[in-house]
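Trainee: Sequence plus the predicted model coming up.
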Amino acid sequence: MVIGFSEEEWVELQMEGEVYLVGDKEELDKVWGTYAGKFAGAEKYKDSKDDVILKFIPRWWRYTEFRPKPARVISSEGN
């Protein structure tokens, strides 16, 4: 997974890991509680048959700021 936060700021997050479908009722309730607490109106989608919740567990990650010379790199492997 690669996320480029902003082309103006030239920062990027790269991650490698596993993606799982969250199907356990207890875990789904916990996730929805957190999500609904952050996004007003989210609760109306909780029982939608068209939506799923995915869980991403990173094994490796690297954050890079390209603007400084040399680029600033922080990773799970150390610097």
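Mentor: Now that the structure is in, tell me what you want to look at.

Trainee: Okay, and residue 31 sits in which element?
Mentor: Counting by DSSP states H and E, the element that carries residue 31 is helix 25-38.

Trainee: Would you mind pulling the contact partners of the helix or strand following that helix?
Mentor: The element immediately downstream of helix 25-38 (helix or strand, assigned by DSSP H and E) is strand 54-65. With contact meaning C-beta atoms under 8 Å, 6 or more residues apart in numbering, strand 54-65 is reached by 1, 9-22, 27, 71-77. Backbone N, C-alpha and C define where each C-beta goes, glycine included.

Trainee: Starting from the helix or strand bottoming out on mean pLDDT in the chain, tell me which strands it pairs with and how they run.
Mentor: Here the helix or strand of the chain ranked lowest by mean pLDDT, DSSP states H and E is strand 2-6, holding a mean of 81. Taking DSSP bridges as the criterion, strand 2-6 forms sheet pairs with strand 11-21 (antiparallel).

Trainee: What are the buried residues along the strand it pairs with?
Mentor: Neighbour-count burial for strand 11-21 flags 11-12, 15 (criterion: 16 or more other C-beta atoms under 10 Å).
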